[in-house]
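**Student:** got a sequence here, can you build the structure:
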Amino acid sequence: MNLKQLGCITFMFLLTLAVSGKQFNVYDFGAMADGKTLDTKAVQAAIDACTQNGGGQVVIPAGKTVLVGTIYLKDFVNLHIETGAVLLGSPHIEDYATDTHKIMYKRESHMDRCLIYAENASSFAIEGYGTIDGNGAEFTNQRPMLLRFKDCNNIHLNDITLKNPAAWTSAFLYCNEIAVSGIRISSWANKNGDGLDFDGCTNVRVANCSFSNSDDSICLQASLPNKPCRDVVVTNCIFETKWGGMRIGLLSRGNIEQVAVSNCTFKNIEDSGLKIQQCEGGEMRNMTFTNLVMENVPRPVFMTFSQQRACVDVPEGTYEPLNRMHNMIFSNIVVDNRKLDKNSCFFFTGYPGNDIENVVLKDVQFTISGGATAEDAAKEVKEYSLEVVKKHWPEFYLVGTLPASALYARHLDGLYVENFHVFIENEDARKPFILNDVKNGSVEKFYVNKKQIN
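**Tutor:** The predicted structure is shown next:
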């Protein structure tokens with residue numbers, strides 16, 4: 001028997017052991033795991049063998065770095081990244097496949113590729129106390145996402161660290177039954193570093209996770225009219241991000257509904273804690289946000305209607321008619337913004353002819369720096385008209401400083417504010433709250449520096 005024959009027998013023996021134990025160690029499929037050799041084929045072979053043999057664990061061994069381009073997850077595969085192990089994205093764009101669907105936002109095709117992809121797969125998981133590292137700083141023009149899953153069912157992400165994506169950390173497209181628990185996301189290596197993006201997904205649970213992002217941490221969206229994003233629970237999470245803690249909408253051609261967010265903290269965010277934006281013809285309804293603590297979050301809640309073409313599949317120049325936003329409760333919220341400037345406010349703005357309906361804002365403690373002038377108090381707030389947002393998302397900078405120090409609301413039908421406490425550090429010439437074109441609204445037990453004003 002020559003050495004080549006002996007090597008083949010040894011390989012088949014190890015493969016048999018791996019299969020019989022339902023563990024498929026990438027070493028046994030030829031991975032070098034040295035962080036330099038491209039191990040894509042070996043990892044994919046392990047995944048393929050796993051699914052073909054009824055499922056099990058594909059193991060990235062402890063303390064090793066496995067370098068890969070695009071890999072495809074499949075039915076019944078548990079990608080298990082052991083403690084101290086790193087699944088590292090290749091720094092070369094040519095190692096990323098082009099058959100991994102696409103990003104659904106307009107003008108962002110440079111993010112079409114991804115590191116880990118699954119389509120029409122069921123009952124798979126990524127777990128372990130290791131790390132998936134996207135090597136994001138190596139990319140400039142074409143920037144692959146870390147994870148993308150399309151039309152999949154029963155997905156689990158547990159305890160893993162996801163870091164350094166070149167673009168978004170993840171995109172879940174039209175998936176059902178998603179459970180995410182105990183993961184850590186750090187995405188500052190490049191731009192547009194979203195955390196978890198759920199597009200047209202149902203039965204989603206996110207719990208006990210921490211986010212540190214260069215863009216929105218969690219996004220709920222609906223790029224297809226017939227694929228609603230619904231039945232979503234987010235709890236016990238920590239958000240720190242450059243842009244939005246949770247962004248709901250922009251992509252909103254389908255309905256976004258039945259959402260419950262609770263027991264979360266938000267800190268050091270440049271834009272908004274909760275950013276809820278209906279733009280494309282779907283309906284938003286039935287959401288609760290409760291037991292939230294925020295620090296250095298200039299807009300704890302920013303909620304707006306705005307006509308917009310956000311989806312890449314909508315023809316240029318097409319703007320879908322606005323639908324409804326209604327039945328939202330925000331309660332038990334503590335916000336400390338004393339270190340920020342005067343642009344710190346709860347901001348609700350419907351659209352002329354399209355009111356936001358039935359909003360409850362209750363039991364709030366809001367500390368702000370104040371410092372606005374009489375000129376600020378007299379300012380007229382711009383509408384998010386079609387002309388204004390044709391070339392921009394409906395962002396706060398398009399309106400700028402508001403004439404109210406704590407709460408500004410316009411174009412609402414049914415706004416109920418109760419037990420709202422504002423603490424202002426410096427003199428401020430603005431009214432603490434303004435309701436502009438608000439029908440069926442009431443403000444009760446509104447306090448400024450411990451004195452009730454309404």
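
**Student:** what helices or strands is the strand with the most length in the chain leaning on?
**Tutor:** With DSSP state E setting the assignment, residue counts place strand 404-424 as the longest strand in the chain. Taking 3 or more C-beta pairs under 8 Å, 6 or more residues apart in numbering; DSSP states H and E as contact, the helices and strands that strand 404-424 lies on are strand 346-349, strand 356-368, strand 431-448. (Glycine included, C-beta is placed from N, CA and C.)

**Student:** give the pairing partners of the longest one; include direction for each.
**Tutor:** In its sheet, strand 431-448 lies beside strand 404-424 (parallel), strand 451-452 (antiparallel), with partners assigned from DSSP bridges.

**Student:** what of the first one?
**Tutor:** Using DSSP bridges, the strands paired with strand 346-349 in its sheet are strand 299-305 (parallel), strand 404-424 (parallel).

**Student:** would you mind finding the most buried of those strands?
**Tutor:** Mean neighbour count, computed with mean count of other C-beta atoms under 10 Å, is highest for strand 299-305 among those, reaching a mean of 25.

**Student:** got the contact list for that one?
**Tutor:** The set of residues that contact strand 299-305 without belonging to it, under C-beta atoms under 8 Å, 6 or more residues apart in numbering, is 266, 271-279, 289, 292, 294, 322, 325, 328, 330, 333, 335, 344-351, 354, 356, 359, 361, 366, 384, 394, 396, 411.

**Student:** and if we set it to 6 Å?
**Tutor:** 272-278, 294, 322, 330, 335, 346-351, 354, 394 (C-beta atoms under 6 Å, 6 or more residues apart in numbering).

**Student:** mind checking which of the residues you listed are buried?
**Tutor:** Buried residues within those, counting neighbours by 16 or more other C-beta atoms under 10 Å: 272-278, 294, 322, 330, 335, 346-351, 354, 394.

**Student:** any chance of a markdown table for the strands paired with strand 346-349, columns mean pLDDT?
**Tutor:** Rendered in a markdown table, the data for these read as follows (pLDDT from 0 to 100):
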| stretch | mean pLDDT |
| --- | --- |
| strand 299-305 | 96 |
| strand 404-424 | 98 |
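
**Student:** what mean pLDDT would you report for whichever strand or helix holds residue 212?
**Tutor:** Remark: residue 212 resides in strand 210-213, with elements defined by DSSP states H and E. Averaged across strand 210-213, the pLDDT comes to 98.

**Student:** direction included, what does it pair up with?
**Tutor:** Within its sheet, and counting by DSSP bridges, strand 210-213 is paired with strand 184-187 (parallel), strand 238-241 (parallel).

**Student:** residue 375: what secondary structure?
**Tutor:** Per DSSP: H, G, I helix; E, B strand; the rest coil, the local secondary structure of residue 375 is helix.

**Student:** from residue 346, how far off is it?
**Tutor:** Distance, residue 375 to residue 346, by C-beta to C-beta, to the nearest Å: 22 Å.

**Student:** cool, and residue 136?
**Tutor:** When C-beta to C-beta is the yardstick, residue 136 and residue 346 sit 34 Å from each other.

**Student:** next: residue 412.
**Tutor:** Applying C-beta to C-beta, one obtains 12 Å for the distance of residue 412 from residue 346.

**Student:** same question, residue 199
**Tutor:** Note on residue 199: its distance to residue 346, by C-beta to C-beta, is 27 Å.
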